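Enquirer: quick one: sequence and predicted model below, then my questions.
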Amino acid sequence: MPPYDAVVRRTDLDEAEIDARLCSLALDYAAGHPGHVARALAHNAVRLVELEGWDREAIGARETGVGPVWSDVGRFAFWLLALLAAGGAALARRRVPWFVWAVPLLLVLGVLPATASARYRSPVDPFLIVLAGAALSRSIPQTSSATRLVKNASR
């Protein structure tokens, strides 16, 4: 890309000056092309939930030392987790304070403008696991022997 290459190839600038000039060029481009910024955010959101495509996800996994089989297992496990978490969110939305939901939302919003892949979603995964657990716990009959054992122990 010509304007960026010209800055990077300059030998009279130190790293901080190159960074400042590249940042300025990027901000100018973003201001002049607001639709591109929105498309990039949407694209990164798709990448974050591993819906961009098998090839892209396999490349990302390979970069972190994960083979294609485990990459596929991880992708399907995430999709299952996301479905269960959506169910848990629907069940728990009134019982959980708003700031608990703000944490994973802020984590995702912090990643989207820069880049996105499964590894950058990792800090949000524990929240998804808790929500999935809420969905699963509501789907298990409350008359199980474990529930009776807990109720009897608390008497």
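Expert: Arrived safely, thanks for sending. Model, not experiment: these values are computed from the prediction.

Enquirer: only C-alpha atoms for contact and neighbour calcs from this point on.
Expert: Noted.

Enquirer: what helix or strand is the residue nearest the centre of the chain located in?
Expert: Centroid-nearest residue in the chain: R121, 3.0 Å away (criterion: CA atoms, centre = their mean). Element membership for R121 (DSSP states H and E) is helix 118-121.

Enquirer: what residues of the helix or strand following that helix count as buried?
Expert: For helix 118-121, the following helix or strand on the C-terminal side (DSSP H and E) is helix 125-139. By 16 or more other CA atoms under 10 Å, the buried positions in helix 125-139 come out as D125, F127, L128, I129, V130, L131, A132, G133, A134, A135.

Enquirer: who touches helix 125-139?
Expert: Residues outside helix 125-139 that contact it (CA atoms under 8 Å, 6 or more residues apart in numbering) are L81, A82, L83, L84, A85, A86, G87, G88, A89, L91, A92, P104.

Enquirer: can you report how many residues lie near the fourth one?
Expert: Read it as L84. Residues lying near L84 (other CA atoms under 10 Å) number 21.

Enquirer: check the third one too.
Expert: Here the number of neighbours of L83 (other CA under 10 Å) works out to 15.

Enquirer: would you mind measuring from it to A40?
Expert: Shown here: L83 relative to A40, a distance of 25 Å by CA to CA, to the nearest Å.

Enquirer: same deal with the fifth one?
Expert: Shown here: A85 relative to A40, a distance of 26 Å by CA to CA.

Enquirer: what's the answer for the first one, then?
Expert: As for L81, its distance to A40 is 25 Å (criterion: CA to CA).

Enquirer: quick one: name whatever helix or strand follows the helix or strand encompassing C23.
Expert: In the assignment (DSSP H and E), C23 maps to helix 15-32. Helices and strands here follow DSSP H and E; after helix 15-32, the next one along the chain is helix 34-48.

Enquirer: list the contacts of that following helix.
Expert: Here helix 34-48 makes contact (CA under 8 Å, 6+ apart) with A30, E52, L112, P113, T115, A116, S117, A118, Y120, R121.

Enquirer: list the buried residues for the helix or strand following that helix?
Expert: Sequence order places helix 54-63 as the next helix or strand after helix 34-48, per DSSP H and E. For helix 54-63, the neighbour count (16+ other CA under 10 Å) marks E57, A58, G60, A61 as buried.

Enquirer: list every C-alpha atom in helix 54-63, with coordinates, as CSV.
Expert: In CSV, the C-alpha atoms belonging to helix 54-63 read as follows (Å, rounded to 0.1, in the frame of the first residue of the first chain):
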residue,chain,number,x,y,z
TRP,A,54,-12.4,-23.4,7.5
ASP,A,55,-9.3,-22.2,5.8
ARG,A,56,-9.0,-18.9,7.7
GLU,A,57,-9.5,-20.7,11.1
ALA,A,58,-7.0,-23.4,10.2
ILE,A,59,-4.4,-20.8,9.4
GLY,A,60,-5.0,-19.1,12.7
ALA,A,61,-4.8,-22.3,14.6
ARG,A,62,-1.6,-23.4,12.9
GLU,A,63,0.0,-20.1,13.9
